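J.: predicted coordinates and the sequence they were generated for:
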Amino acid sequence: MKRENTYKRLKICVVDDEEIIRITLSDELKDSGHEVFDFDNPIEALDFIKHNEIQVLLTDIKMPQMDGITLLKKVLSIKPNVYVITITAYGSLKTAIEAIKLGAFDYLTKPYDQTELENILDNISELISLKKSNKKFSNLFTSKYSLSSYQGQSDFVRELKENISLIANKNTAVLITGETGTGKELVANIIHYNSNRRNNPLIKISCAILSKDVFESELFGHEKGAFTGADKLRIGRFEQADGGTILLDDIDDIPLELQVKLLRVLQEGEIERVGGNKTISIDVRIIASTKKDLKELVAQGRFREDLYYRLNIYPIILLPIRKRKEDIRSLFDYFLVEFGENSNFEVDEEVYANLYNYDWPGNVRELKNLAERLTIVSLDKKIDLQKLPVEYRTNKTFNENNLSTDKTLPDLLSNLEIKVIKDALEKTSGNKNKAAELLGIPISTLRSKIEKYFI
């Protein structure tokens, strides 16, 4: 019976020396809408594949001129993007599993089930569509997520960009830690789209919203019949991300019993679908993010220590805005341009002073939302204190030129200190380390005073 292909048709090469099986299989695939090329000789099939574009190779394991394992190796060496499905007798399962480890996508046992085959092909078609879509938007995303997309002028931002440049093209796992709104997902995007994996998928998983019951199936996929309701094979997020990157947001929410399976992915680059015994090799870079202190969770027995050290090979810690207030002005101006459709807004200094003094519990996300709100209400392109929502009016202003003698000695000394620090920063072109040396004070003291005076 003809079964409509769920996704677009595929170009499939069928190789089997048994004529009845080969012709039957080819006819069934053609009836399902696929373009099929069949060969009884694997050497001829290999020559055809060398000179033609195919997407799927369906090959028998035991053939006289060349066995299926050798054909698999040769095809993947010249066309690594071809999806290989091996067909084997039940007694040759060991060989089929070997094929999976060598790069085959899946295998079927004789007599094969047509519905199972079409489910596998549907999954292959889905993966191909996903990769094509990613390539289509890759240039756009590469531009959108350039290093400059993480805004700020502080030493922290400069060092962060240097670190991203250093690790982008590595396959090392990255652990990003930071409060809500500090830009963890943005950093993951920047790492992926500045890496050599940029043309392959970036798959994002929010571990916090997945229930324990579906967690394993979502990450690793499941075989048909693995549990009630599993009426077809499903590829998981790790297989979807093959060749690319997977972002595990809120990694601390992964159930303890599943953490060992994640450890296996990091150590071996292998997974097994729920309900299956096939070992599937994958090539995925893992980026994990968390708001929590994983080391503390390890001490509490809520996170595996071995997994923590595997993830923490290259840690990135994102500072909240309250610890890098020198970035507030440039961030706010950037968001005004973004939401104001490149319009120029006139912002009172008093507004900036109040923004500096606010604690920003929602971090960059909160600042971004405020900027968007102000672009909506400021039809005259002017933003003054009256337009600033009451909760952001800290009523703390500062004028560095106000050095009149009616001020107290501490006030005068503070103003003088600000002037000296600003002069030092100007002389060193904003380099805080050099400015601290010029002033003869530790860099930590200089940072503290910059934060105190909102310089």
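T.: Right, received. Where do you want to start? Numbering: from 1, shown residues only.
J.: mean confidence for stretch 303-315?
T.: Computed over stretch 303-315, the mean pLDDT rounds to 95.
J.: how far does that stretch sit from its chain's centre?
T.: 18 Å (CA atoms, centre = their mean, to the nearest Å).
J.: got the end-to-end distance for that stretch?
T.: End-to-end distance of stretch 303-315: 16 Å, with CA to CA, to the nearest Å as the criterion.
J.: now swap in stretch 29-43 and tell me
T.: Stretch 29-43: ends 22 Å apart by CA to CA.
J.: now the strands for this protein?
T.: According to DSSP state E, the chain carries its strands in the segments 11-15, 35-39, 56-60, 83-89, 106-110, 174-177, 202-206, 245-249, 270-271, 280-281, 285-290, 314-317, 346-347, 382-383.
J.: give the buried residues for the fifth one.
T.: In terms of neighbour count (16 or more other CB atoms under 10 Å), strand 106-110 has its buried residues at Asp106, Tyr107, Leu108, Thr109. Just so you know, the C-beta spots here come from the backbone N, C-alpha and C atoms, and that holds for glycine as well.
J.: now swap in the fourth one and tell me
T.: By neighbour count, and taking 16+ other CB under 10 Å as the criterion, the buried residues in strand 83-89 are Tyr83, Val84, Ile85, Thr86, Ile87, Thr88.
J.: can you redo those as JSON lines with distance to Asp283 and pLDDT?
T.: As requested, the buried residues of strand 83-89 are arranged in JSON lines below (distance: CB to CB, whole Å; pLDDT from 0 to 100):
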{"residue": "Tyr83", "distance to Asp283": "14", "pLDDT": "94"}
{"residue": "Val84", "distance to Asp283": "15", "pLDDT": "95"}
{"residue": "Ile85", "distance to Asp283": "19", "pLDDT": "94"}
{"residue": "Thr86", "distance to Asp283": "20", "pLDDT": "92"}
{"residue": "Ile87", "distance to Asp283": "25", "pLDDT": "89"}
{"residue": "Thr88", "distance to Asp283": "24", "pLDDT": "82"}
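J.: nearest to Glu338 among the residues you listed?
T.: Tyr83 (41.0 Å; CB to CB).
J.: now do the contacts for that closest one.
T.: Counting by CB atoms under 8 Å, 6 or more residues apart in numbering, Tyr83 makes contact with Gln55, Val56, Leu57, Phe105, Ile124, Leu127.
J.: the third one: how many residues sit nearby?
T.: Taking other CB atoms under 10 Å as the criterion, the count of residues near Leu57 is 27.
J.: ok, the last one next?
T.: Taking other CB under 10 Å as the criterion, the count of residues near Leu127 is 20.
J.: that one against Gly243, yeah?
T.: No: Leu127 is beyond contact range of Gly243, at 9.7 Å (criterion: CB atoms under 8 Å).
J.: tell me the pLDDT at Met1?
T.: Met1 is assigned 41 on the pLDDT scale.
J.: next: Phe454.
T.: Note on Phe454: pLDDT of 68.
J.: please renumber the chain so that the first residue is 14 from this point on.
T.: Okay, residue one is now 14; in that scheme the one you just asked about reads as Phe467.
J.: now do the contacts for the residue nearest to Tyr125 when sequence neighbours are not counted.
T.: Nearest residue to Tyr125 in three dimensions, chain neighbours excluded: Ile100, at 6.2 Å (CB to CB, 6 or more residues apart in numbering). Listed by CB under 8 Å, 6+ apart, the contact partners of Ile100 are Asp29, Ile34, Leu71, Thr72, Asp73, Ile74, Gly81, Tyr120, Leu121, Thr122, Lys123, Tyr125.
J.: what is the neighbour count of the residue lying closest to Thr108 once chain neighbours are set aside?
T.: Distances taken as CB to CB, 6+ apart put Ile74 closest to Thr108, at 5.4 Å, once the chain neighbours are dropped. Applying other CB under 10 Å, we find 21 residues neighbouring Ile74.
J.: the one 5 residues further on now?
T.: Look at Met79: counted by other CB under 10 Å, it has 16 neighbours.
J.: ditto for Val88
T.: 23.
J.: swap in Ser219?
T.: Neighbours of Ser219 using other CB under 10 Å come to 12.
J.: so what sits opposite the closest residue to it other than its chain neighbours in the bridge?
T.: Among residues not flanking Ser219 along the chain, Asp262 sits closest, at 5.0 Å (CB to CB, 6+ apart). Asp262 has the following beta-bridge partners by DSSP bridges: Ser219, Ser302.
J.: show me what contacts Asp262?
T.: Lys197, Glu198, Lys217, Ile218, Ser219, Cys220, Ala221, Ser302.
J.: quick one on the thing from earlier: surely the residue nearest to Thr108 meets Lys107?
T.: No: applying CB under 8 Å, one finds Ile74 not in contact with Lys107, separated by 10.5 Å.
J.: and this structure, what are its domains?
T.: Listed domain ranges for the chain are 24-141, 158-330, 335-405, 422-466 (source: automatic domain parsing).
J.: what is the neighbour count of Arg171?
T.: If we define neighbours as other CB under 10 Å, then Arg171 has 12 of them.
J.: tell me which two in the contacts of Tyr96 are the farthest apart.
T.: Farthest pair in the contacts of Tyr96 (CB to CB) is Leu70 and Leu140. Separation: 15.0 Å.
J.: ok, back up a step: out of the contacts of Tyr96, the closest to Arg286 would be?
T.: Each of the contacts of Tyr96 was checked against Arg286 using CB to CB; the closest is Phe118, at 12.2 Å.
J.: looking at the contacts of Ile100, spot the one nearest Ile248.
T.: Tyr120 (14.8 Å).
J.: what sits against the nearest residue to the closest one once chain neighbours are set aside?
T.: Closest residue in space to Tyr120, ignoring its immediate chain neighbours: Ala109 at 4.0 Å, by CB to CB, 6+ apart. Taking CB under 8 Å, 6+ apart, we find Ala109 in contact with Ile74, Thr99, Thr101, Ala117, Tyr120, Thr122.
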